[in-house]
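> give me a 3D structure for the following:
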Amino acid sequence: MSTSSATPEFAAPLHAGRVIFPTVARAHASRAAHGASLVRGATTAALVAHGGTDGIEVTTGTPKVYLVFYGSQWGTETTTGGYDSFSGDPVGMAPRLQALLSGIGTNNELWSGVMTQYCDGLANGASVCPTGAAHVGYPTGGALAGVWYDNSVAAPSSATGHQLAVEAVAAAAHFANLTAASNRSAQYVIVSPTGTHPDGFNTPSGTFCAYHDYNGDTTLSGGGAAASSYGDIAFTNLPYVTDMGTSCGMNYVNGGSAGTLDGVTIVEGHEYAETLSDQNAGGGWWDNTNGYENGDLCAWVGRGGTGGAQNVTFATGSFAMQATWSNATNGCAISGPIVTGAAPGNDFSLAVSPTSASVQQGSGTSATVSTATISGSSQTVSLSVSGLPSGASATLTPSTLTSGSSSTLAVTTSSTTPTGTYAVTVTGTATSGTHTATFSLTVTAPVVPGTFSLAASPSSGTVALGRSISTTVITSTLSGSAQTVSLSISGLPSGVSASFTPASVTSGGSSTLRLTVSRRSLAGTYTLTITGKGPSYTTTTTYKLTD
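Got it, this is the predicted structure:
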């Protein structure tokens, strides 16, 4: 829920859903229960739709959750029981989160069913989903769609909301969710390492355990909205929850070591559920009395029964979970029927990886064009390429595929292709519509091999028969790197011999050429050719000898 300076735990309307401390939430729970009792006596439901943010109210399609372990402080990554684990994770929060999110939507569980009653496309203030409305999707087979350990930097000691949103946008790029369509059913959980204080967590002013938001929120701390080229990005700020101990739910359901991670699954389940029903925080479903979302109304209200926190069994284990608000029963519910509504239409995403390449004129490069089915069923996608510079060509193998598979894009340039950077567009066309992805192609001139100059100083000389004369052969690097130059001479008349000291030099160095004229040599003037040969370049100079 939102916070204000006067009454941080009760502010309304909702801006970004927050799980606040159970110690504070006892007052919160009392207030929530009072609000709920008022709703029970009224004719309107507790949660109403709010018209959407950027046209989005709820998560339609199959929910996809991407876990991002943010910062090198997580330590060394290994695999334990099929889940990524880290040496800097003292209580095993990382594998527990993966098991939870892999299990949601399995074992015929109906905890997720409660969320499916909420739908998209309603006017502000409406609370009844019409026939055919697109409802929150059910995560059949598990909600976890990917795990990323971003150890490229250390997580900030106190990351701002803006920094967390930037990380979420980077995660979308990492997972190749490069279009608004591919992020329509996605949420990114930014999990900070122990000892950090993301957006004030575990500080005197940070009276929350986690919150969800989206990148376009202009009030994000430390910089406001974070730019995205991939549509709106829903994310959760999930701190290292156990750093707050029982204040964030440790042992809330289970005693002893069995309950160490109770708060982790309760808090993440809370934010997951709220993101589904209010994807771009503020535009979805929340109650007009207090500004509470479906998770807020049922946070820390007690244990057991139909509306309290309790263990829920998925295929991956048993997890402490809180109930969420159900308009259908006008109360907190730990389970509910799956409401399908209108099946989402077929749609697919399109991405190119890598997104850019640099080639020399006359050479080529390749990239992978990936597609994914993001709603409905798979379909045939026809691929094409446009935006190539002159003298360049492209092939797609295959050029027609089924969404969910990939193709290889091969680009070839010619020696006449102009240098420069070009936005090459890959277009995918299917019965559901068209999507595009951009590949940045930079064409450069061929690298000129290293060159050097050669000169004799002096460039001429006169010598008597039976005597010798010398000149200095000077080299200089003109381009590229220095190289070894082997020296030779041609055009010597009969009776004249030559020697170089040394016979090879590194370009930039010099050698002494000594010419010896025998008494039997015929007098005259001769033009001698000195040759310098390197591994990638050869040049000559002349020396005029008179005897």
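
> so where's the stretch 151-300 of the chain uncertain?
The stretch 151-300 of the chain contains no residues with pLDDT under 70.

> one more time with 90
205-207, 289-290 (pLDDT under 90).

> which residues sit in contact with residue 518?
Neighbouring residues of residue 518 by C-beta atoms under 8 Å, 6 or more residues apart in numbering: 465, 466, 495, 496, 497. From N, CA and C alone the C-beta is placed, and that goes for glycine too.

> so among those residues, which ones count as buried?
With neighbours counted by 16 or more other C-beta atoms under 10 Å, those contain buried members at residue 496.

> the contacts of residue 518 in strands, which ones?
496, 497 (DSSP state E).

> in CSV: the contacts of residue 518, plus distance to residue 410 and pLDDT.
Below are the contacts of residue 518 laid out as CSV (distance: C-beta to C-beta, whole Å; pLDDT from 0 to 100):
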residue, distance to residue 410, pLDDT
465, 69, 86
466, 70, 88
495, 63, 90
496, 59, 91
497, 58, 93
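
> quick check, nearest of the contacts of residue 518 to residue 157?
residue 497 (77.7 Å; C-beta to C-beta).

> gap between that closest one and residue 392?
Using C-beta to C-beta, to the nearest Å, residue 497 is found at 56 Å from residue 392.

> ditto for residue 515
From residue 515 to residue 392 the distance is 54 Å (C-beta to C-beta).

> before we move on, what about residue 166?
In terms of C-beta to C-beta, residue 166 sits 35 Å off from residue 392.

> which residues does residue 546 bridge with?
residue 462, residue 525 (DSSP bridges).

> which residue lies nearest the spatial centre of this protein?
residue 174 (2.5 Å; C-alpha atoms, centre = their mean).

> including distance to residue 447, could the contacts of residue 518 go into JSON lines?
Listed next are the contacts of residue 518 as JSON lines, based on distance: C-beta to C-beta, whole Å:
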{"residue": "465", "distance to residue 447": "50"}
{"residue": "466", "distance to residue 447": "51"}
{"residue": "495", "distance to residue 447": "46"}
{"residue": "496", "distance to residue 447": "41"}
{"residue": "497", "distance to residue 447": "40"}
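
> list just the nearest of the contacts of residue 518 to residue 251.
Out of those, the member with the shortest distance to residue 251 (by C-beta to C-beta) is residue 497, at 98.2 Å.

> find the nearest non-adjacent residue to the closest one, please.
residue 516 (5.0 Å; C-beta to C-beta, 6 or more residues apart in numbering).

> tell me which helix or strand that neighbour sits in.
strand 510-517 (DSSP states H and E).

> surely residue 485 meets residue 531?
No - counting by C-beta atoms under 8 Å, residue 485 stays clear of residue 531, with 9.5 Å between them.

> domain-wise, how is the chain divided?
Using automatic domain parsing, the domain parsing of the chain gives 18-333, 347-444, 451-546.

> tell me which element the closest residue to residue 415 other than its chain neighbours is part of?
Sequence neighbours aside, residue 362 is the residue nearest to residue 415 in space, at 4.5 Å (criterion: C-beta to C-beta, 6+ apart). Under the criterion DSSP H and E, no helix or strand holds residue 362.

> correct me, but residue 362 touches residue 391?
No - using C-beta under 8 Å, residue 362 is not in contact with residue 391; the gap is 9.2 Å.

> which parts of the stretch 251-400 of the chain are helices?
With helices called from DSSP state H, counting those that start in this stretch, the stretch 251-400 of the chain shows them at 262-277.

> where along it do the strands fall?
With strands called from DSSP state E, counting those that start in this stretch, the stretch 251-400 of the chain shows them at 310-314, 317-321, 324-326, 331-333, 347-353, 356-360, 364-375, 380-386, 393-397, 400-402.

> what's the angle from the first one to helix 262-277?
On the basis of axes from the mean of the first three to the mean of the last three C-alpha atoms, to 10 degrees, strand 310-314 is oriented at 70 degrees to helix 262-277.
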